[in-house]
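Novice: Here is a sequence with its predicted model. Questions after.
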Amino acid sequence: MGHEELLARHRAVMPDWMALYYDRPIEIASASGRHVTDGEGRTYLDFFAGILTNAVGYDVAEISDAIRAQLSTGVVHSSTLYLIRSQVELAERIAGLSGIPDAKVFFTNSGTEANETALMLATRYRRSDQVLALRNSYHGRAFATVAITGNRSWSASSLSPVKVAWVHGGYRYRSPFRDLPDADYVSACVADLREVIATATAGEVACLVVEPIQGVGGFSSPPDGLFAAFKEVLDEHGVLLISDEVQTGWGRTGEHFWGIQAHGVTPDAMTFAKGLGNGLAIGGVVARGDLMDCLTANSLSTFGGNPLSTTGALATLDYLLDHDLQANAAKLGDRLIGGLRRIAEDRPAVGDVRGKGLMVGIELVGPKGEPDALKAVAVLEGARERGLLVGKGGLYGNVIRLAPPMTVTEDEVEEALGTLEAVL
Ligand code: PMP
């Protein structure tokens with residue numbers, strides 16, 4: 001089947017709202033390291049890495065070997081009603097890495113389910129359906145997660161099983177407090193949080209859910225320490241703090257293993273997914289034991305924590321830690337951000353270059369600083385023409401997102417910078 005026929009058949013049978021990147025969408029036929037090759041034989045440097053799922057790159061021998069060894073047992077899946085060795089080991093590892101006291105872990109198949117589970121835990125624990133979320137957030141597209149997603153272009157439904165109130169903090173570049181010094185920005189957001197709790201919630205609040213760096217929202221992060229300041233307010237009211245680490249986990253931010261650690265605060269729960277499986281579907285929640293155990297009904301997932309995904313995830317975690325990829329993310333992330341800031345100097349269309357580690361955002365603006373989504377589309381297409389895959393995002397669709405596998409090399413960062421300089 002040729003490319004045109006595949007595209008036509010996709011459009012006929014898949015929902016209209018299932019958007020594909022590019023005027024001429026790509027089919028990835030093979031991949032290795034940081035490179036992917038499309039169905040027509042063209043190779044690209046991948047700086048979006050399957051939207052951050054391929055944390056350590058494609059076709060990594062150690063991970064493929066572990067998966068093959070599991071396949072050779074004949075057990076792709078058994079019921080999660082039975083003991084699964086790799087599941088227990090992975091849970092122990094993640095509990096240990098979480099920094100959460102007495103942590104327990106529950107596995108899902110996706111970030112959405114992980115956040116749905118976290119919301120279930122928090123609302124049940126607090127016996128409240130009132131949730132706080134950051135403006136410009138993205139937490140998934142199931143019923144409760146879409147309700148706490150603060151970007152209406154992702155909204156599949158205006159109905160909601162939870163009550164949601166929104167607070168400032170995540171998207172600084174277009175916040176009313178943007179030009180304040182860091183400490184004043186933090187104070188302004190804390191005052192906003194207090195006011196929202198006092199005036200815009202239905203009494204007792206279950207939790208606040210945050211992304212340490214807003215992913216889909218355009219790789220935007222608040223000053224370090226904001227979430228510790230938030231936690232003080234939350235503690236006054238007994239409100240739980242949940243950190244959505246679906247994009248920021250596993251050392252991608254360079255300076256810390258979990259994004260929330262930049263704030264010097266331990267959350268009550270964290271959710272994770274994406275990079276952990278290096279392409280296999282896995283997600284989960286790690287939470288304080290008493291919070292995790294507050295559910296009384298039987299709770300299981302058919303595939304969450306299955307033998308194949310947890311085997312792949314264990315191998316990925318080993319690879320990440322053995323090769324200190326967090327340090328590589330810090331070093332090459334700095335180089336990427338530094339290079340982009342230099343490129344931005346004489347380009348007024350670049351309003352902001354931001355991020356941490358290998359989560360780098362470029363906000364494109366018009367002459368008056370207004371969001372310019374068409375420029376983002378042009379950069380996306382232009383980079384693809386020159387052999388570089390990047391992402392797009394942001395509340396107004398005007399942010400280019402760079403998130404290569406954490407194994408990326410200096411040469412590849414330089415190559416991407418050269419391409420982006422030409423395109424911008
Ligand atoms: N949380 C965050 C921060 C995300 O970026 C995403 C996915 N973009 C999700 C949750 C949902 O994850 P999934 O697509 O695996 O359901």
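Specialist: Happy to help now that I have it.
Novice: what residues are up against Thr316?
Specialist: Contact partners of Thr316, counting by C-beta atoms under 8 Å, 6 or more residues apart in numbering, are Ala55, Val56, Ile63, Gly275, Leu276, Gly277, Asn278. In short, each C-beta sits where N, CA and C put it, glycine included.
Novice: Contact partners for the closest residue to the ligand within the stretch 1-150 of the chain?
Specialist: The stretch 1-150 of the chain approaches the ligand most closely through Gly111 (2.4 Å), counting by C-beta to the nearest ligand atom. By C-beta under 8 Å, 6+ apart, the residues touching Gly111 are His139, Gly140, Asp244, Val246, Thr271, Phe272, Ala273, Lys274, Gly283.
Novice: Now render those as JSON lines, adding pLDDT.
Specialist: Converted to JSON lines, these look like this (pLDDT from 0 to 100):
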{"residue": "His139", "pLDDT": "98"}
{"residue": "Gly140", "pLDDT": "96"}
{"residue": "Asp244", "pLDDT": "98"}
{"residue": "Val246", "pLDDT": "98"}
{"residue": "Thr271", "pLDDT": "98"}
{"residue": "Phe272", "pLDDT": "98"}
{"residue": "Ala273", "pLDDT": "98"}
{"residue": "Lys274", "pLDDT": "97"}
{"residue": "Gly283", "pLDDT": "98"}
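Novice: Let me have these in a markdown table, extended by distance to Met14, secondary structure and neighbour count.
Specialist: Listed next are the contacts of Gly111 as a markdown table, based on distance: C-beta to C-beta, whole Å; DSSP: H, G, I helix; E, B strand; the rest coil; neighbours: other C-beta atoms under 10 Å:
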| residue | distance to Met14 | secondary structure | neighbour count |
| --- | --- | --- | --- |
| His139 | 23 | coil | 31 |
| Gly140 | 19 | coil | 25 |
| Asp244 | 27 | strand | 33 |
| Val246 | 24 | coil | 27 |
| Thr271 | 27 | strand | 32 |
| Phe272 | 28 | strand | 28 |
| Ala273 | 22 | coil | 27 |
| Lys274 | 22 | helix | 28 |
| Gly283 | 23 | strand | 28 |
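Novice: distance of Leu314 from Asp179?
Specialist: Counting by C-beta to C-beta, to the nearest Å, the gap between Leu314 and Asp179 amounts to 46 Å.
Novice: Give me the more crowded residue out of the two.
Specialist: Neighbours were counted for Leu314 and for Asp179 using other C-beta atoms under 10 Å; Leu314 has more, 20 against 9.
Novice: Just give the nearest non-adjacent residue to Ala344, would you?
Specialist: The shortest distance from Ala344 to any residue other than its chain neighbours is 3.8 Å, reached at Val350 (C-beta to C-beta, 6 or more residues apart in numbering).
Novice: Next up, phi/psi of that neighbour, please.
Specialist: For Val350, the backbone dihedrals are phi -90, psi 100 (criterion: degrees, to the nearest 10).
Novice: related to what we said a few turns ago, nearest to Leu380, of the contacts of Gly111?
Specialist: Of all the contacts of Gly111, Lys274 has the smallest distance to Leu380: 20.4 Å, by C-beta to C-beta.
Novice: thought that closest one was touching Phe48?
Specialist: No: in this structure Lys274 lies outside contact range of Phe48 using C-beta atoms under 8 Å: 11.9 Å.
Novice: got the contact list for Glu230?
Specialist: Actually, residue 230 is Phe. It isn't Glu. Gly169, Cys189, Val190, Leu193, Leu208, Val210, Leu241.
Novice: who in the stretch 51-200 of the chain is up against the ligand?
Specialist: Applying C-beta under 6 Å from any ligand atom, one finds that the stretch 51-200 of the chain approaches the ligand through Ser110, Gly111, Thr112, Asn115, Tyr138, His139, Gly140.
Novice: Tell me how far the residue lying closest to the first one once chain neighbours are set aside lies from Glu113.
Specialist: In this case it means Ser110. If the residues on either side of it in the chain are set aside, Ser110 comes closest to Gly283, at 4.9 Å by C-beta to C-beta, 6+ apart. Taking C-beta to C-beta as the measure, Gly283 falls 6 Å from Glu113.
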